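Participant: need a 3D model of the sequence below.
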Amino acid sequence: MRSGTWLLIAAALSMLCVHIIRGRFVQPAPDYLLGIDQGGRLVELGRGFCPTGVHQISDGPRGVSAKVLTACDPRQQISLKTLENVSLKSGELIEIIKDNGNPARVERSWMPAARRLSLGIPLHPDQMTLADWSDLPGIGAVTAAQIMAERQKNGDFVEFEQLHRVSGLGARRIGQIRKFFVPD
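Facilitator: The predicted structure follows:
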C-alpha cells in the first residue's frame, strides 16, 4: 500500500510541475482571436467572392486594393478595381452582380442589422432596412414601416435623436434601442 501511495503522490507532483512549466510558456492569443485590430473593418464578401463571409480588412486609409479581394471568376477581377481608393466601413456587404450580358459590377450595401450586432458593429439609423428595424426588440412591423416612411418623407436621420420625428416612437422605446446604435 505504501508504494502505491508514494506512486500516486509522485504522479500528482509530476502533473503539477508540468502544469506550472506549461503556464510560463503560454503565448497570447493571435490578434484575429482578440477582435478587430486598430483600423480594421469587418466587411462581408457576398455573391461573386471566394470565399464568401465576413472578413477583416485592414488596408489603411487609402482603401482596399483589388489584390486583397478575390473574385470567383477571374474575369470579374477587373470590376474589383472600382474598390481601389475606397474606404470600406465595418458592416458593409460587397457583392459582384452579374447582369445578363453586361459586365459584372460591384455593389455595396449593408449587412443585416442582426449580423452587425452579433459582430459588435453599432448600427446607424440611415443604414437600416425595413427588415432591420423589424428585428430590433420593441420595434414591430408597423413601427418599422413608420420609421421608413418618415425617413423617405423628411430625409435621413443624421443623429439618433432625430428618431423622435417618428410618430408612435416614444422616448421609452427609443431609450430601449439606443444601446444598439452608434453614439452621437
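
Participant: can you name the element that comes right after the lowest-mean-pLDDT helix or strand in the chain?
Facilitator: Lowest by mean pLDDT, DSSP states H and E among the helices and strands of the chain is helix 31-34, with a mean of 37. Using DSSP states H and E, the next helix or strand after helix 31-34 towards the C-terminus is strand 41-45.

Participant: and the helix or strand that comes right after that next one, what does it pack against?
Facilitator: Using DSSP H and E, the next helix or strand after strand 41-45 towards the C-terminus is strand 53-57. Judged by 3 or more C-beta pairs under 8 Å, 6 or more residues apart in numbering; DSSP states H and E, strand 53-57 is in contact with strand 41-45. The C-beta positions use only the backbone N, C-alpha and C, and glycine is treated the same way.

Participant: could I get the full set of helices for the protein?
Facilitator: 2-24, 31-34, 113-118, 130-135, 141-154, 171-177 (DSSP state H).

Participant: worst average pLDDT in those helices?
Facilitator: Of all the helices of the chain, the minimum mean pLDDT falls on helix 31-34 (a mean of 37).

Participant: mind splitting the chain into its structural domains?
Facilitator: 2-31, 32-110, 116-180 (automatic domain parsing).

Participant: between the two ends of the last one, how far is it?
Facilitator: Pointing back at domain 116-180 there. 10 Å (C-alpha to C-alpha, to the nearest Å).

Participant: ok, back up a step: could I get the domains of the chain as CSV with mean neighbour count?
Facilitator: Listed next are those as CSV, based on neighbours: other C-beta atoms under 10 Å:
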stretch, mean neighbour count
domain 2-31, 9
domain 32-110, 15
domain 116-180, 15
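
Participant: dump the helices of the chain to TSV, plus distance to Arg41.
Facilitator: Listed next are the helices of the chain as TSV, based on distance: least, C-beta to C-beta, whole Å:
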stretch	distance to Arg41
helix 2-24	35
helix 31-34	14
helix 113-118	12
helix 130-135	19
helix 141-154	25
helix 171-177	24
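
Participant: and of these, who's closest to Asn100?
Facilitator: Among the helices of the chain, helix 130-135 comes nearest to Asn100, with 27.1 Å by C-beta to C-beta.

Participant: which strands or helices does the closest one pack on?
Facilitator: For helix 130-135, the packing partners by 3+ C-beta pairs under 8 Å, 6+ apart are helix 113-118, helix 141-154.

Participant: which neighbouring elements make contact with the shortest one?
Facilitator: In this case it means helix 113-118. helix 130-135.

Participant: equivalent analysis for the longest one, please.
Facilitator: Using 3+ C-beta pairs under 8 Å, 6+ apart as the contact criterion, the elements in contact with helix 141-154 are helix 130-135.
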